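Enquirer: Any chance you can model this:
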Amino acid sequence: EFFTMKRIITFALALTMLLVATLSFTSCGQTDDWKTVQERGYFYCGITVYAPMNYYDDETGDLIGFDTEFATAVAEYLGVEAKFATINWPNKYTELESGAIDLIWNGFTYGEEKDGVSRTEYVDFTHAYLENRQCLVTKADRVSELNSADALKGKNAVAEGGSSGEGVAIELAGAEDKITKFASQAEALMELIERLDEE
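Expert: Residues are numbered from 1 along each chain as shown. Purely as a prediction, here's the structure:
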């Protein structure tokens, strides 16, 4: 029995581009990050690939999606370019600290890590511009059975490592060893589908 937590993102409140342009350029503890971006003409956004936020168009192969296009528009407004780097989500803080990326633009949930430490201890956030939710994904004929926290205790799950969904899955399953972690939501969902098909 497997379940996964997938963010169902509803578009709640889009801020002005100027407000969003404050995205974490000082998250690595450097005060001249924006100057560096201006000089080189672009900033690197750390992303993971999942629709509808960041994904590749099947026909053109172009990276598209809400966050991708929003970042591109903000960069244009600021007179620079947005470039994108796919990151392993559990390594997001390391990627920022190393300078491999300048910011994360990936539906990054404001909240706590699974150890209870607030993510604001690691990075600076902009004002929220999306409302974020968690949901359980399973076979349709299992929904009525897996409909409460008690029903999920002891169940095995898959989740994106380092995500808010992982923390919720651990809490619901009751033990971290019940959770199989993947580098992205897409990988977790593919594994879930494969295992459910084997039942």
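Enquirer: Show the pLDDT at Ser184.
Expert: Each residue has a pLDDT score; the one for Ser184 is 82.
Enquirer: Using CSV, write down the CA coordinates of whichever strand or helix holds Lys83.
Expert: Lys83 is part of strand 81-86 when elements are defined by DSSP states H and E. Provided in CSV are the C-alpha atoms of strand 81-86 (Å, rounded to 0.1, in the frame of the first residue of the first chain):
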residue,chain,number,x,y,z
GLU,A,81,18.0,37.0,-18.2
ALA,A,82,16.7,34.0,-16.3
LYS,A,83,18.5,30.7,-16.7
PHE,A,84,17.4,27.5,-15.2
ALA,A,85,19.2,24.6,-13.5
THR,A,86,17.5,21.4,-12.6
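Enquirer: what sits up against it?
Expert: Strand 81-86 has contacts (C-beta atoms under 8 Å, 6 or more residues apart in numbering) with 41-49, 54, 63, 68, 71-72, 74-75, 95, 100-101, 105. C-beta coordinates here come from the backbone N, C-alpha and C atoms, glycine included.
Enquirer: my guess is Tyr50 contacts Gln185, does it?
Expert: Yes - Tyr50 lies in contact with Gln185 (C-beta atoms under 8 Å); the separation is 4.8 Å.
Enquirer: more crowded one of the two?
Expert: Shown here are Tyr50 and Gln185; by other C-beta atoms under 10 Å, Gln185 has more neighbours (25 against 22).
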